[in-house]
Each structure stands twice: as structure tokens, then as C-alpha cells.
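A.B. asks: give me a model of this one.
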Amino acid sequence: MRRTEAARQLGGFVREHRTDGGRRLRQAGALLVTGAVGTAFGIPVAVASIGTTDGAPQLAGLLLGVGLVGLSLGIWRLIQALRTRDQSFDVHERGLTHRIAGTATLIPWTDIEQVSANGDDGRLLAEARGMGFTFGIHLRGGDKIRVDTFTEDTRELALVIHRAVSLGQFPQGRGRRP
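C.D. replies: Modelled structure (predicted):
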């Protein structure tokens, strides 16, 4: 479906919120490299530490732990990046267009049951990990779309959806996109 067709069904275009898939892929790559290095050094240290009680078993455990956690998180982030490639949210006067991996789903405001904000994650580097401010879009059919800080202006998007769904304050379109 072309953007102009969606604009006709959902009213005038207001704003686009793109998701930074490249940042997700870079993060997956860094985690996978960290995991591979930790595992590559951890296995020989573990083998060499068999039969010893010095610090080698603890070092082997640390290296293998870092390796396995890094590989696990890297694979998870890679799957997430591939699953949500080219994701964006187009806000229109009468709803959203959720674009993901070449498909577009039209979501009128009436199809959204609620928006649940998880608030700010105050942990170290939460924003860099894409977990700073997250929210969910709960659809009437039971589906949920999770939005994290890899999507630009996440707070603004959550606020626009909340206003439209809960308060009946619909955004005003700016007409056609360039």
C-alpha cells in the first residue's frame, strides 16, 4: 500500500516516527563480538584450569559468563533487528500506519484500546540500549505493539496516541508528505 492511499483512509499526514534499525544491528554486532571473544578466551582458560584451585576457575567462569550472555543478547537483538527492519509509525488525523519489513498496517484510533507507558528505565545506559522510555500500543483484537527508544521521539508518539485514544484530541494533518 502506498503512503498516499493510507493518507486518504486515515486523513491527513501529521508526522513520521522511524525506528533506527541500523543502531539495533550495530548493537547486535557489538554484543556478538563481545560474546565470541569471551567464549573464545573462556574455553581455553577453563580447560587449562582443570585440577587447579587458584584464580583460573573464577576467571574461566567470568569469561564464559560474559561470552554466553553476550552471545545470547546479541542473537536476541539481531532477531529483533531483522524482525523490525524498516519499522516506522506514520501518524495521521484518524489513526496510525505501522510499517514493518515492507508491510503496512492501518490502525484507526478506534482500534487502539490503550497505551501503556513503562516509564523511564533509570538504569545505566538504558537509553543507549533502547530501553529508556518504552510503551505498548494495545489493540482491541488483543495484539500489542511494543515501542522502544530505538524509535525517534518515542515520548511524543506515546503522547499523541494517548491524546487521540483516551482524550479524543486528534492530531491535525499537514497535508501530503514531500
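A.B. asks: in this structure, which ranges drop under the pLDDT threshold?
C.D. replies: Along the chain, segments meeting pLDDT under 70 span 1-7, 119-132, 174-178.
A.B. asks: any chance of the backbone angles for the residue nearest the centre of the chain?
C.D. replies: Note on the chain: the residue nearest the mean C-alpha position is residue 148, at 4.5 Å, using Cα atoms, centre = their mean. Backbone torsions for residue 148, taken as degrees, to the nearest 10, come to phi -120, psi -170.
A.B. asks: same question for the one 3 residues further on.
C.D. replies: Reported as degrees, to the nearest 10, the phi and psi values for residue 151 are phi -90, psi 130.
A.B. asks: now the strands for the chain?
C.D. replies: Secondary structure of the chain, counting by DSSP state E: strands at 13-18, 88-92, 95-100, 103-108, 112-120, 133-139, 144-147.
A.B. asks: need these in a markdown table (columns: mean neighbour count and distance to residue 63).
C.D. replies: Yep, even glycine has a C-beta here, placed from its N, CA and C like the rest. Formatted as a markdown table, the strands of the chain follow (neighbours: other Cβ atoms under 10 Å; distance: least, Cβ to Cβ, whole Å):
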| stretch | mean neighbour count | distance to residue 63 |
| --- | --- | --- |
| strand 13-18 | 18 | 38 |
| strand 88-92 | 22 | 40 |
| strand 95-100 | 21 | 37 |
| strand 103-108 | 15 | 42 |
| strand 112-120 | 15 | 33 |
| strand 133-139 | 19 | 32 |
| strand 144-147 | 16 | 33 |
